[in-house]
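Participant: need a structure here:
(2 chains)
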Amino acid sequence: AQTVTQSQPEMSVQEAETVTLSCTYDTSESDYYLFWYKQPPSRQMILVIRQEAYKQQNATENRFSVNFQKAAKSFSLKISDSQLGDAAMYFCAYRRGGGGADGLTFGKGTHLIIQP
Amino acid sequence: DTAVSQTPKYLVTQMGNDKSIKCEQNLGHDTMYWYKQDSKKFLKIMFSYNNKELIINETVPNRFSPKSPDKAHLNLHINSLELGDSAVYFCASSHDRVGQPQHFGDGTRLSIL
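Facilitator: From the prediction side, this is the model:
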């Protein structure tokens, strides 16, 4: 079974600085997808970024980018120019490839604090 | 225009009761899910369902059952509620195509007295 590990329960960064959240995963599949979700205090689950395992190019979405190292099974999230609104829990998630009704496997989350 | 909506947002009830949480999506997705988020914020899949298959996480007690009247709805029924069922329950949906992201509802906080 696949597992997702987020080794940083909490991270703190100064506003406007850059922070990197770590995620590693374990799978025997070659086809899969990785996601970062953000959960602010409002409890919503918001998709931040998505990465296809077959793509070598790292995904980017504005200030958010990933460092995807397939051989190392590592999928870190970099947030540039941190803003107060980035404060939230961040969850790394895995889904195996292929169609069907598979759910996401989540890590335990990293609580990101933005210092003004 | 809420994409994935859950009702109620809060549910407080007594141990031993039976309750339901409703979920509706207007995104035209064909796959829906239920997740449980415990007090430590850990999210775990409970059910995945589309018109072809129902995948049940083997750790989910059979007191929990999904009911889908149509493709846009997946309700969660819980019988004989226990203290350990207190959690936030999230509904989500996605297209049944490779790698499509899941869209989540706002969650239902269930508190058992």
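
Participant: Looking at chain A, which residue is nearest chain B?
Facilitator: Chain B sits closest to A:G103 of chain A, with a gap of 3.1 Å, by CB to the nearest CB. (C-beta placed from N, C-alpha, C; glycine too.)

Participant: where's that residue relative to A:P116, distance?
Facilitator: With distances taken as CB to CB, to the nearest Å, A:G103 is found 37 Å from A:P116.

Participant: Between these two, point out the one with more neighbours.
Facilitator: A:G103 (22 against 6; other CB atoms under 10 Å in any protein chain shown).

Participant: returning to what we had before: contacting residues for the residue of chain A closest to chain B?
Facilitator: A:G103 is in contact with A:R95, B:Y33, B:Y35, B:I45, B:F47, B:S48, B:I55, B:N57, counting by CB atoms under 8 Å, 6 or more residues apart in numbering or on different chains.

Participant: got it, and A:G109?
Facilitator: Contacts for A:G109 (CB under 8 Å, 6+ apart) come out as A:Q6, A:P9, A:Q39, A:M89, A:Y90, A:F91, B:K41, B:F42, B:L43.

Participant: Please repeat the previous calculation with a cut-off of 6 Å.
Facilitator: A:M89, A:F91, B:K41 (CB atoms under 6 Å, 6 or more residues apart in numbering or on different chains).

Participant: Thought A:Q14 was touching A:Q115, still the case?
Facilitator: Yes. Counting by CB atoms under 6 Å, A:Q115 touches A:Q14, with 4.9 Å between them.

Participant: just to revisit the earlier point, please indicate which of the contacts of A:G103 are buried?
Facilitator: For those, a neighbour count by 16 or more other CB atoms under 10 Å in any protein chain shown gives the buried set as A:R95, B:Y33, B:Y35, B:I45, B:F47, B:S48, B:I55.
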